[in-house]
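S.K.: generate a structure from the sequence data that follows.
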Amino acid sequence: MRIGIIDVGSNTVRIVVYKVEGEVAEEIVNERYFVGLIEFVEKKVLSYGGLFKLIEALQSIKELVGAVKCDEVYCFATASLRNLNNENDIIFKIKSETGFDMEIISSEDEIFYDYTGIKGYVKENAGVGLDLGGGSCQLFSFSDGKIINSDSFKIGSLVTYKNFVSGLLPKKKEIKKIKRYVKEQLFSNPHLRGLGYEKVYSIGGSARAAAKLHKALIGGNGVVSDYQLTVEQIDEIIETVYKMDIKGVSFICHVIPERVYTIIPGLIVLRTICKFVGSKKIQTVKGSVREGYLWENVMKKNLL
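M.R.: Prediction:
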């Protein structure tokens, strides 16, 4: 059967359609729509303009899932809509305009789906997992098939840009402010500090974008799954972009145009997290929160 999973994030809405047979899920459609919901949130309320953009994207997705003949469609939102004062109104409006029953998942569930999405691609029995998105960051340690310590932090690449950067790229003072803020957030959970694993396994758009940019800078292209970036290489990316000046901005626009504003804040966050947990590098993982959601809510139940 064909299952559609819609993931409503702070920056993008992504639809992935899977062909599911038993314990195997094959991705057959993967599309994203840039809506930038975080720009429409003020005082914990999503504005009418933001809701309109979201519904517009979901209506396009409804046409797509109809065209590919999905048997079931699931829709969930994460930090983009979590804990908003008007979330019930949003859910009602989306249902009435698109027919989708949108679920706003908790940070605990998001971490669990992240872990489920990662563990299918990681051989190691213990390590650190990370999902850095636009609006939040899920960080957790795991061992022997279970999550040991975890937390969700409001240090996404987009929210960090919005809160600290006044221009296109952050200035030196703004970089210092980002680092200080990220450290303050991370230090609220000392159980995740200094774990000492060699690398952090990362899903989410920020890590993939960082890998794609680094690969392009050294003359490569193509798939970035399982791509590894050391802390030193992250520093080199930032330094190179700033040395290139306007050409650096143009290069980002060519490689990852949708992240021209958020890639540097994202790199700063990734680097700071690595230092905090005591890891030397980050490795991108093909898995995703969507795969974790698919397994736990659809595939696992079908196997019972």
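S.K.: going by C-alpha atoms from here, please, whenever you check contacts or count neighbours.
M.R.: Will do.
S.K.: ok, how many other residues are close to the closest residue to residue 193 other than its chain neighbours?
M.R.: Leaving aside its chain neighbours, residue 193 sits nearest to residue 277 (4.6 Å; criterion: CA to CA, 6 or more residues apart in numbering). Residue 277: 24 surrounding residues under other CA atoms under 10 Å.
S.K.: could you report the distance from residue 277 to residue 130?
M.R.: Distance, residue 277 to residue 130, by CA to CA, to the nearest Å: 11 Å.
S.K.: the residue nearest to residue 193 reaches residue 190, doesn't it?
M.R.: No. Residue 277 is beyond contact range of residue 190, at 9.5 Å (criterion: CA atoms under 8 Å).
S.K.: ok, residue 10 - contacts?
M.R.: With contact set as CA atoms under 8 Å, 6 or more residues apart in numbering, residue 10 has these partners: 35, 36, 37, 38, 78, 79, 80, 81, 133, 134, 135, 158.
S.K.: which of these lies closest to residue 51?
M.R.: residue 37 (8.1 Å; CA to CA).
S.K.: residue ranges with poor pLDDT in this protein?
M.R.: 303-304 (pLDDT under 70).
S.K.: now do the strands in it.
M.R.: For the chain, applying DSSP state E gives strands covering 2-8, 12-21, 24-34, 41-42, 45-46, 72-77, 102-104, 126-132, 137-143, 146-153, 199-203, 228-230, 281-284.
S.K.: tell me what angle the third one forms with strand 12-21.
M.R.: Pointing back at strand 24-34 there. For strand 24-34 against strand 12-21, the angle by axes from the mean of the first three to the mean of the last three CA atoms, to 10 degrees is 160 degrees.
S.K.: name the residues of strand 24-34 that come out as buried.
M.R.: 25, 32, 33 (16 or more other CA atoms under 10 Å).
S.K.: show me the contacts for the closest residue to residue 40 other than its chain neighbours.
M.R.: Excluding the flanking residues, the one nearest residue 40 by CA to CA, 6+ apart is residue 50, at 5.1 Å. Residues near residue 50 by CA under 8 Å, 6+ apart: 35, 37, 39, 40, 41.
S.K.: in TSV: the buried residues of strand 24-34, plus distance to residue 8.
M.R.: Formatted as TSV, these follow (distance: CA to CA, whole Å):
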residue	distance to residue 8
25	21
32	10
33	10
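S.K.: domain assignment for this structure?
M.R.: Per automatic domain parsing, the structural domains of the chain span 2-105, 121-284.
S.K.: how many neighbours does residue 144 have?
M.R.: Neighbours of residue 144 (other CA under 10 Å): 10.
S.K.: over to residue 139?
M.R.: 25.
S.K.: same check on residue 180?
M.R.: Neighbours around residue 180, by other CA under 10 Å: 12.
S.K.: now the longest helix anywhere in the chain: buried residues?
M.R.: Ordering each helix of the chain by length in residues (DSSP state H) puts helix 48-67 first. Residues of helix 48-67 classed as buried by neighbour count (16+ other CA under 10 Å): 50-51, 53-59, 61-62, 64-65.
S.K.: what of stretch 9-26?
M.R.: For stretch 9-26, by 16+ other CA under 10 Å, it's 9-20, 25.
S.K.: and these as CSV, adding distance to residue 176?
M.R.: CSV is the format used below for those (distance: CA to CA, whole Å):
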residue, distance to residue 176
9, 27
10, 24
11, 24
12, 27
13, 31
14, 32
15, 36
16, 37
17, 41
18, 42
19, 46
20, 46
25, 43
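S.K.: and the residues you listed, which is closest to residue 118?
M.R.: residue 25 (14.6 Å).
S.K.: dump the residue contacts of that closest one.
M.R.: 18, 19.
S.K.: quick one: it and residue 53, what's the gap?
M.R.: Using CA to CA, we find residue 25 at a distance of 30 Å from residue 53.
S.K.: and what of residue 99?
M.R.: As judged by CA to CA, residue 99 and residue 53 stand 16 Å apart.
S.K.: same thing with residue 116?
M.R.: Here residue 116 is placed at a distance of 30 Å from residue 53 (CA to CA).
S.K.: go on, residue 204?
M.R.: Counting by CA to CA, the gap from residue 204 to residue 53 is 22 Å.
S.K.: what of residue 46?
M.R.: 11 Å.
S.K.: next: residue 178.
M.R.: Distance from residue 178 to residue 53, by CA to CA: 29 Å.
S.K.: same thing with residue 16?
M.R.: 19 Å.
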